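[1] give me a 3D structure for the following:
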Amino acid sequence: MNINLKGHLALVTGGSGQLGRVMCRTLAECGADVAIHYHRNRASADALVTELTSKGVRAVAVQADVTDEAEVRAMQARVQAELGAPDILVNNAVIQYSWKPVLEQAAADYESQFRSSVLHNVLMAQAFVPAMQQRGWGRVIGINTECSMQNFPTQSAYVAGKRGMDGVLRVLAKEVGPQQVTVNQVAPGWMISEDVADGDEAAAYRAGVPLRRRGTDQDIANLVAFLASDLAAFISGQYISVSGGNVMPTI
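    Reported below is the predicted structural model:
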């Protein structure tokens with residue numbers, strides 16, 4: 001049984017970043033053409049385009065602030081003109097900020113997390129999902145976090161944004177399901193990636209994970225590719241943890 005995404009076009013926001021670049025590579029390895037969104041890191045996005053096109057798929061790098069409606073619409077127009085209408089949407093981009101206790105966290109940080117978690121998903125859905133509905137096939141995959149279930153000190157702005165994102169995507173799943181568009185969330189734990197090593201500082205974290213280790217960026221990309229495929233055609237509205245059992249959604 002293979003994941004075959006030939007004939008599909010994926011758009012990955014934050015596609016040149018830590019988790020995003022591996023998602024783009026994996027989707028391309030499954031045969032999908034890929035639009036790689038970036039905000040500031042054009043060099044990484046362009047390098048990834050070169051890498052993916054060498055594998056025989058079409059790829060393009062597109063710049064946008066995914067919290068700005070006009071820029072999202074401009075990105076939609078460019079992707080449409082160069083590659084067509086994406087039928088796989090991976091909302092991965094997020095705004096970074098300094099985590100502080102609730103009593104010390106600036107109001108602007110809560111606003112930034114609302115924009116990058118909630119508004120980001122809303123604007124991308126409004127721009128790209130209508131074409132999926134017309135086609136009668138589509139995948140929306142939001143990248144959430146295990147933090148949404150942990151609620152640890154200093155996580156409040158991040159958790160607030162990601163929990164809001166969860167609500168939006170669960171409602172969206174019910175609204176677009178009749179047109180065979182699935183909507184799911186992948187929730188990474190503290191993953192190892194090209195620039196995030198598994199050092200001694202992670203010992204306590206590893207000790208708390210049932211599998212006694214950290215996962216990798218590839219573990220996230222594998223689930224994204226599965227959810228994007230026809231193998232996951234009857235899975236929608238889900239928040240799926242990829243954390244080695246560190247968090248366990250309950251029934």
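[2] show me where pLDDT drops low in the protein?
    Applying pLDDT under 70 to the chain flags no residue at all.
[3] can you give me the strands in it?
    9-12, 33-38, 59-63, 88-91, 138-143, 181-188, 239-242 (DSSP state E).
[4] which helices and strands does the longest one pack with?
    Meaning strand 181-188. Strand 181-188 sits against helix 120-135, strand 138-143, helix 156-176, helix 217-228, strand 239-242, with contacts defined as 3 or more Cβ pairs under 8 Å, 6 or more residues apart in numbering; DSSP states H and E. For the C-beta atoms, the positions are set from N, CA and C on the backbone; glycine is no exception.
[5] repeat that for the second one.
    Helices and strands touching strand 33-38, by 3+ Cβ pairs under 8 Å, 6+ apart, are strand 9-12, helix 18-29, helix 42-53, strand 59-63, helix 69-82.
[6] same thing but 10 Å
    strand 9-12, helix 18-29, helix 42-53, strand 59-63, helix 69-82, strand 88-91 (3 or more Cβ pairs under 10 Å, 6 or more residues apart in numbering; DSSP states H and E).
[7] want to throw these into JSON lines with mean neighbour count and distance to A225?
    JSON lines is the format used below for these (neighbours: other Cβ atoms under 10 Å; distance: least, Cβ to Cβ, whole Å):
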{"stretch": "strand 9-12", "mean neighbour count": "28", "distance to A225": "9"}
{"stretch": "helix 18-29", "mean neighbour count": "24", "distance to A225": "5"}
{"stretch": "helix 42-53", "mean neighbour count": "17", "distance to A225": "14"}
{"stretch": "strand 59-63", "mean neighbour count": "20", "distance to A225": "16"}
{"stretch": "helix 69-82", "mean neighbour count": "16", "distance to A225": "20"}
{"stretch": "strand 88-91", "mean neighbour count": "28", "distance to A225": "9"}
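[8] distance to V183 for those - can I get that in TSV?
    What follows is those, written out as TSV (distance: least, Cβ to Cβ, whole Å):
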stretch	distance to V183
strand 9-12	15
helix 18-29	17
helix 42-53	25
strand 59-63	22
helix 69-82	18
strand 88-91	9
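[9] hmm, back to that, can I get the strands of the chain in JSON lines with distance to P249?
    Converted to JSON lines, these look like this (distance: least, Cβ to Cβ, whole Å):
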{"stretch": "strand 9-12", "distance to P249": "24"}
{"stretch": "strand 33-38", "distance to P249": "28"}
{"stretch": "strand 59-63", "distance to P249": "33"}
{"stretch": "strand 88-91", "distance to P249": "19"}
{"stretch": "strand 138-143", "distance to P249": "15"}
{"stretch": "strand 181-188", "distance to P249": "8"}
{"stretch": "strand 239-242", "distance to P249": "6"}
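[10] closest one to A207 among the helices and strands packed on strand 181-188?
    Of all the helices and strands packed on strand 181-188, strand 239-242 sits nearest to A207, with 18.2 Å by Cβ to Cβ.
[11] who wins for proximity to R206 among the helices and strands packed on strand 33-38?
    Comparing the helices and strands packed on strand 33-38 by Cβ to Cβ, helix 18-29 comes nearest, at 18.9 Å.
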